[in-house]
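Asks: Quick one, what's the 3D model for this:
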Amino acid sequence: MAMMGGVDQHKIMKEGTQEEKGEYARMSSFVGAMAIADLVKTTLGPKGMDKILQSMGRGQAVTVTNDGATILKSIYVDNPAAKVLVDISKAQDDEVGDGTTSVVVLAGELLKQAEQLIMQKVHPMTVIQGYREACGCAYEALKEISRNNSEDPEAFREDLMNIARTTLSSKILTVDKDKFATIAVDAVLRLKGSTNLESIHIIKKTGGTLTDSYLDNGFILDKKIGVGQPKRIENANILIANTSMDTDKIKIYGARVRADSMAKVGEIEGAEKKKMQEKCQKIIDHNINCFVNRMLIYNLPEQIFADAGVMAIEHADFDGVERLALVTGGEIASTFDHPERCALGHCDLIEEIMIGEDKLIKFSGVAKAEACTVVLRGASTHLLDEAERSLHDALCVLSQTVKDSRVVYGGGCPEIVMAKAVEDLAAKTPGKRSLAMEAFAKALRAIPSTICDNAGLDSAEIVSQLRAAHATQGVSCRMGVDILTGEVGDMKDCGINEAFKVKQQILLSATEAAEMIIRVDDVVKMAPRQREE
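Replies: Below you'll find the model as predicted:
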């Protein structure tokens, strides 16, 4: 037993394993997580800055964005605690679409406050307990100030418009946020309460300006109609397929065909042509007038379809084929022996349209009435990519708000209300837990403070004015940061609204992530497995 007690612990683990224990492990976790929060902090709010992300791979692709989730997805992180913050940002993006930067900034501030408490010899579990109670109190305060206008369609639409404007105000689409807010709200209300955004198709076309973008009722496919085929079809029956339409090849690897004359070669070609003609006839026998295929359609089948008066659209990418099948009510087919088992898609009109200098195909009057297409125009592909991300965020938030229609005021107002509620609870709580609660309130106030800093305003002055206004007016106070005037303003008059679900997700996700990192007291980095010679 004595010998066992004297064994060097590092000898137990494989050579090359690194271990950090106690305070070192905790501080390394805190530093990594706070570095990630500081990285995205400058992108928060309407006056947030953009980041240029350049890939070091082939082509060195460049992305210009201020979307927290996109930035964190694109960077390689080695610190394990930093990876936790990257994951909560992704979860926020998947769950509600917006607040990806706020959740990381709040988690980083919670850890910064926790670090100071732990340096003052407050036990990590006491900090966690205080944070949990503070989170519960803040959540109740958030619910108390939320409002619900779902019974009044006009007021609810105005809420959605304000939420869309607030979401887009920190994005590149802020140049014409009223127009894009209208596009996003109209598109989401067509979904009739669904959160499946597959029916909303976004097409990006360089040229023009962002203000030339529009919402089109129907589905637009970024493809051209084949040569010599009808350019307009009414009451279309559409067969959507994922099948090979080139001449069928012998599929045996390394096979060779030897012929002793050109006549034999002609017979082989004739047999291949006959096989393709039979396949095309099976497709035409489905009583269709439009055939959309994911793969290429070669010259012979294209000619056969043209002779039969069938519009053939080739090489529609898989995403396009999937969406088209969804909105027209059809199914993707691969075999054509049983027409009765194949579900065809239907629409009122298929026609060729022009956007800029490009020809596209528009499907109008599709079976799924909620289908629509947003056409984005812009000067460059980087601009269009960022515009698509911004619009997607707005669509996600709006679809979640239609499902959970509670709304809160924005501009840092809910954070100040929650911080005040938490401080009131801390004043009534004995013991060291109250220190953790006060730290939680400070972290919440960091959100409006960061918004002010990024706009070049005096954050200490404005946040103190907000605290005073909320202390005197109580729960009914609607004061927040008005970035346009650089002062404290009434959020109702400014029209700054945010979805309750976004704020709820930010609060709960950031608190849980901070708790997880505060618990850490040992970091073990395993040695990589060596290849056997």
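
Asks: where does the nearest residue to Tyr139 once chain neighbours are set aside land in three-state SS?
Replies: Leaving aside its sequence neighbours, Tyr139 sits nearest to Leu507 (Cβ to Cβ, 6 or more residues apart in numbering; 6.2 Å). Quick note: C-beta positions are derived from backbone N, CA and C, even for glycine. Three-state call for Leu507 (DSSP: H, G, I helix; E, B strand; the rest coil): helix.

Asks: Leu117 now?
Replies: Note that with three-state DSSP, the state of Leu117 is helix.

Asks: if I read this right, it contacts Ala439, doesn't it?
Replies: Yes: contact criterion Cβ atoms under 8 Å: Leu117 and Ala439 qualify, at 5.9 Å.

Asks: more neighbours, those two?
Replies: Comparing Leu117 with Ala439 by neighbour count (other Cβ atoms under 10 Å), the higher total belongs to Ala439, at 24 against 20.

Asks: Where does the more buried one sit: helix, strand or coil?
Replies: helix.

Asks: got a list of what it touches?
Replies: 110, 113-114, 116-117, 127, 130 (Cβ atoms under 8 Å, 6 or more residues apart in numbering).

Asks: Just name the closest of these to Gly480, please.
Replies: Of all those, Gly480 sits closest to Leu110, with 21.4 Å by Cβ to Cβ.

Asks: okay but the closest one is in contact with Arg132, surely?
Replies: No: contact criterion Cβ under 8 Å: Leu110 and Arg132 do not qualify, at 11.7 Å.

Asks: now the helices: where do they sit in the stretch 351-500 of the chain?
Replies: Counting by DSSP state H, counting those that start in this stretch, one finds helices in the stretch 351-500 of the chain at the ranges 381-403, 413-428, 433-454, 459-473, 491-494, 500-518.

Asks: Just give me the neighbour total for Glu461.
Replies: For Glu461, using other Cβ under 10 Å, the count is 12.

Asks: what's the answer for Ser399, then?
Replies: 22.

Asks: Could you do Asp216 as well?
Replies: Asp216 has 16 neighbouring residues, counting by other Cβ under 10 Å.

Asks: What are the contacting residues of stretch 333-348?
Replies: So stretch 333-348 is contacted by 218-219, 234-243, 279, 282-283, 285-288, 324-325, 328-331, 363-367 (Cβ under 8 Å, 6+ apart).

Asks: Can you pull the residues that touch both of Leu110 and Arg132?
Replies: Common contacts of Leu110 and Arg132, defined by Cβ under 8 Å, 6+ apart, comprise Thr511.

Asks: quick one: the helices in the stretch 1-150 of the chain?
Replies: 2-5, 9-12, 22-41, 68-74, 80-95, 100-119, 124-145.

Asks: Need the winner for burial among these.
Replies: Mean neighbour count (mean count of other Cβ atoms under 10 Å) peaks for helix 100-119 among the helices of the stretch 1-150 of the chain, with a mean of 24.

Asks: Could you name the helices and strands sitting against it?
Replies: helix 22-41, helix 68-74, helix 80-95, helix 124-145, helix 433-454, helix 500-518 (3 or more Cβ pairs under 8 Å, 6 or more residues apart in numbering; DSSP states H and E).

Asks: for the ones you listed, which one sits closest to Asp424?
Replies: Nearest of the helices and strands packed on helix 100-119 to Asp424, taken as Cβ to Cβ: helix 124-145 at 8.2 Å.

Asks: follow-up on the earlier one: quick one, which of the helices and strands packed on helix 100-119 gets closest to Gln54.
Replies: Among those, helix 68-74 comes nearest to Gln54, with 9.4 Å by Cβ to Cβ.

Asks: got the contact list for the closest one?
Replies: 36, 39-40, 43, 51, 53, 55, 63, 65, 85-86, 89-90, 92-93, 100-104, 389.

Asks: so what's the closest residue to Cys452 other than its chain neighbours up against?
Replies: Nearest non-adjacent residue to Cys452, counting by Cβ to Cβ, 6+ apart: Ser459, 3.7 Å away. If you count contacts by Cβ under 8 Å, 6+ apart, Ser459 has them with 448-450, 452-453.

Asks: pLDDT and neighbour count for those residues - can I get that in CSV?
Replies: Shown next, in CSV, are those (pLDDT from 0 to 100; neighbours: other Cβ atoms under 10 Å):
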residue, pLDDT, neighbour count
Pro448, 90, 25
Ser449, 92, 21
Thr450, 91, 24
Cys452, 91, 22
Asp453, 90, 19
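
Asks: before we move on, the earlier item: now the buried members of the contacts of stretch 333-348.
Replies: Applying 16 or more other Cβ atoms under 10 Å to these, the neighbour count classes 218-219, 236-242, 279, 283, 286, 288, 324-325, 328, 330, 363-367 as buried.

Asks: Take these and keep only those in helices.
Replies: For these, membership in helices holds for 279, 283, 324-325, 328, with DSSP state H as the criterion.

Asks: Looking at the residues you listed, which is nearest Gln229?
Replies: Nearest to Gln229 among these, counting by Cβ to Cβ, is Ile283 at 14.0 Å.

Asks: Just confirm the closest one contacts Phe291, I think it does.
Replies: Yes: taking Cβ under 8 Å as the definition, Ile283 is a contact partner of Phe291 at 6.0 Å.

Asks: what's the neighbour count on Met245?
Replies: Using other Cβ under 10 Å, Met245 is surrounded by 23 other residues.

Asks: how much space between it and Ala371?
Replies: 26 Å (Cβ to Cβ, to the nearest Å).

Asks: now Lys442
Replies: From Lys442 to Ala371 the distance is 48 Å (Cβ to Cβ).

Asks: thinking again about what came up before, which neighbours do Leu117 and Ala439 share?
Replies: With Cβ under 8 Å, 6+ apart, Leu117 and Ala439 have common neighbours Val127.

Asks: List the contacts of stretch 105-119.
Replies: Stretch 105-119 has contacts (Cβ under 8 Å, 6+ apart) with 26-27, 30, 33-34, 36-38, 40-41, 44, 85, 88, 124, 127, 131, 435-436, 439-440, 442-444, 446-447, 450, 506-507, 509-511, 513-514, 517-518.
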